[in-house]
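S.K.: Structure of the sequence below:
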Amino acid sequence: MNDRMSDFPPITGLYVPGHRSDRFERAFTSGADLVILDLEDAVPDAQKAEAREAIVATLLARRESVDASEGPLIQVRVNAGPFLADDLAAIAPFVHGDGAARAVEVRLPKVEAAADVDRVIHVLDEVSPGLSPHIAVTAILETALGVERALEIASHPAVTRVALGESDLASDLATRHPDVIGYARTRVLFAARAAGLDAPMMSAYPDIRDQAGLRSDTADGATRGWLGRVAIHPSQLAVIASAFRPEPAEVVWAEQVLEAMRDGGVTTLASGEMVDPAMVGRARSIVARKNATAAVT
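M.R.: Residues are numbered from 1 along each chain as shown. Sure, this is the predicted structure:
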């Protein structure tokens with residue numbers, strides 16, 4: 001396995017507006033693998049400071065909790081503009097895990113070049129020198145330029161995940177035609193895998209009432225190689241998990257492959273299928289998806 005890939009990549013993610021602290025605990029107990037505390041688009045400018053304070057208070061409380069290490073992965077989506085330095089200064093103490101809680105990751109919007117990630121590292125190092133080796137950044141590509149530079153961005157050593165911001169991208173391109181979005185999805189997927197990262201999680205599906213549309217679009221993304229999806233409402237999590245949950249027959253096959261390939265080489269399953277080390281990666285992915293989606297029903 002490539003050393004930039006996760007052993008257990010998140011399958012379900014949930015956005016929570018940073019100024020809605022009343023929703024934080026529900027998000028942490030929703031079963032989502034990833035909780036994104038949002039300081040960007042979901043928060044009015046007049047409430048940015050309030051949201052920042054609420055997120056810091058929550059992260060402090062979770063750091064002191066003995067169970068925090070077992071909770072979901074946490075990211076904070078910061079602002080890319082004039083609020084960036086204040087956002088990063090606020091979360092800097094949490095970017096390095098201390099044993100009681102996992103490190104908080106930075107979710108950076110509107111990334112168009114590796115230099116945008118360098119700026120984050122520079123600001124964090126100014127606030128807390130020595131943080132550079134511990135910073136994990138999810139780079140959100142939301143413009144045509146960002147998509148076209150996807151491999152450059154994904155290859156940055158601080159970037160551990162890439163994401164596609166489809167709503168902003170559609171605004172930048174003045175179209176949401178399936179062919180256009182499909183191209184962007186493919187381009188970002190190839191960049192992530194070429195850089196040795198996990199396949200990206202899909203963008204949030206904007207209509208929380210359209211469960212059928214969410215299911216169809218997510219299933220399509222799953223067949224095209226994407227891994228997981230972020231949600232804007234807890235009701236979307238079960239649909240997302242279901243779309244990425246492998247069929248029982250797939251799980252049986254994967255477990256048989258992993259057992260058969262313990263010693264490497266080429267062998268034959270009881271079904272008569274020949275298997276070799278090239279199939280191990282897919283088998284591990286299937287088992288990881290089974291484990292990751294088991295908690296969300």
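S.K.: Count the residues that sit near Ala249.
M.R.: Ala249 has 8 neighbouring residues, counting by other Cβ atoms under 10 Å. Any C-beta I mention is one placed from the backbone N, CA and C, and that applies to glycine too.
S.K.: what's the helix or strand for it?
M.R.: Using DSSP states H and E, Ala249 maps to helix 248-260.
S.K.: now do Pro157
M.R.: Secondary structure assignment for Pro157, by DSSP H and E: no helix or strand.
S.K.: Check whether Gly265 sits in a helix, strand or coil.
M.R.: Here Gly265 is recorded as coil under DSSP: H, G, I helix; E, B strand; the rest coil.
S.K.: list the contacts for it?
M.R.: 276-277 (Cβ atoms under 8 Å, 6 or more residues apart in numbering).
S.K.: Distance check, it against Met279.
M.R.: Distance, Gly265 to Met279, using Cβ to Cβ, to the nearest Å: 12 Å.
S.K.: Ala219 now?
M.R.: Distance, Ala219 to Met279, using Cβ to Cβ: 23 Å.
S.K.: distance of the residue nearest the centre of the chain from Leu59?
M.R.: Taking Cα atoms, centre = their mean as the criterion, Met201 is the residue nearest the geometric centre of the chain, at 5.3 Å. As judged by Cβ to Cβ, Met201 and Leu59 stand 22 Å apart.
S.K.: Point out where the stretch 101-250 of the chain drops to low pLDDT.
M.R.: Confidence mapping of the stretch 101-250 of the chain against pLDDT under 70 gives the ranges 101.
S.K.: ok so Tyr15 is a helix residue?
M.R.: No. Secondary structure of Tyr15, determined by three-state DSSP: strand, with no helix assignment.
S.K.: what sits opposite it in the beta ladder?
M.R.: Ile36 (DSSP bridges).
S.K.: need the contact list for it.
M.R.: Taking Cβ under 8 Å, 6+ apart as the definition, contacts of Tyr15 comprise 36, 38, 42, 77, 204, 230-232.
S.K.: so which of the residues you listed comes closest to Ser285?
M.R.: Closest approach to Ser285 among the contacts of Tyr15 (Cβ to Cβ): Val230, at 19.2 Å.
S.K.: before we move on, back to that, export the contacts of Tyr15 to CSV and tack on distance to Ala194?
M.R.: Putting the contacts of Tyr15 into CSV (distance: Cβ to Cβ, whole Å) gives the following:
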residue, distance to Ala194
Ile36, 25
Asp38, 29
Ala42, 31
Arg77, 25
Ala204, 25
Val230, 22
Ala231, 27
Ile232, 29
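S.K.: And the residues you listed, which two are furthest apart?
M.R.: Using Cβ to Cβ, the two most remote members of the contacts of Tyr15 are Arg77 and Ala231, lying 13.9 Å apart.
S.K.: just the strands in the stretch 151-297 of the chain please.
M.R.: 159-164, 229-231, 267-268, 274-275 (DSSP state E, counting those that start in this stretch).
S.K.: roughly how far out does the second one sit from the chain middle?
M.R.: The chain centroid and the centroid of strand 229-231 are separated by 8 Å under Cα atoms, centre = their mean, to the nearest Å.
S.K.: Excluding residues flanking it in the chain, which one is nearest the residue nearest to the centre of the chain?
M.R.: Spatial nearest neighbour of Met201, chain neighbours left out: Gly228 (3.9 Å); criterion: Cβ to Cβ, 6 or more residues apart in numbering.
S.K.: I'd say the one you found and Ser203 touch.
M.R.: No. In terms of Cβ atoms under 8 Å, Gly228 does not count as a neighbour of Ser203; the distance is 11.0 Å.
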